[in-house]
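Q: With the input below, show me the fold.
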Amino acid sequence: MNASLRARSATGIAALLLAGLLVGVLAGCNEQERRPATVVATLVESSPYPGAPVGSAAAKGAELSAVATVQAWIDARNRSVRTGSATAVDDLTGPGCDACDSYLDGGRWVVVGARVTRHTVRTATVRASIEDTRRRARVALEFEVGRVAGQSAITEIRRVP
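A: Down below sits the predicted model:
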């Protein structure tokens with residue numbers, strides 16, 4: 001039952017994130033708010049996806065889902081840093097992600113850019129440029145996104161030189 005709750009939570013967070021991106025674009029948001037939609041649009045058009053042609057509905061959906069999962073994890077991480085509760089992060093983290101806990105401190109993270117660099121039927125690698133607002137530093141991270149209990153979850157995080 002706990003896995004079912006986690007699956008529904010992850011699905012809800014991803015849906016809300018995508019809805020927010022679309023509302024922001026349709027509502028004529030300012031330049032700062034438009035950046036994520038531009039990154040997602042670029043990512044969909046440029047990333048290969050074995051089994052579905054670039055630009056197809058299947059490729060777009062899979063890649064948007066991977067990027068949305070990373071964004072949802074970062075949003076949950078930011079709440080965890082602020083509140084001290086990692087429940088939302090745990091819901092979006094696979095059981096084998098030993099490195100995930102090491103990224104739960106510091107300042108608020110802002111995704112400067114993200115793109116899928118590798119995609120298979122079961123996993124995706126999302127490379128993201130992250131700005132830590134407290135340290136005023138940027139770091140490049142790769143997030144492995146896989147399926148856990150039928151839902152997308154972060155299964156590994158690596159720092160990119």
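
Q: Show me the shaky parts of the protein.
A: Residue ranges of the chain with pLDDT under 70: 1-63.

Q: And the next helix or strand past the longest helix along it?
A: Ranked by residue count under DSSP state H, the longest helix found in the chain is helix 57-83. Note on helix 57-83: by DSSP states H and E, the next helix or strand toward the C-terminus is helix 87-91.

Q: Please enumerate the helices of this structure.
A: 2-26, 31-46, 57-83, 87-91.

Q: which residues does Glu156 contact?
A: Gly94, Gly96, Cys97, Ala99, Cys100, Phe143, Glu144 (C-beta atoms under 8 Å, 6 or more residues apart in numbering). Any C-beta I mention is one placed from the backbone N, CA and C, and that applies to glycine too.

Q: What of Ser85?
A: Arg79.

Q: Need phi/psi at it.
A: Backbone geometry at Ser85, expressed as degrees, to the nearest 10, gives phi -100, psi 120.

Q: surely Asp105 meets Val81?
A: Yes - with contact defined as C-beta atoms under 8 Å, Asp105 reaches Val81; the gap is 6.8 Å.

Q: Thanks a lot, see you next time.
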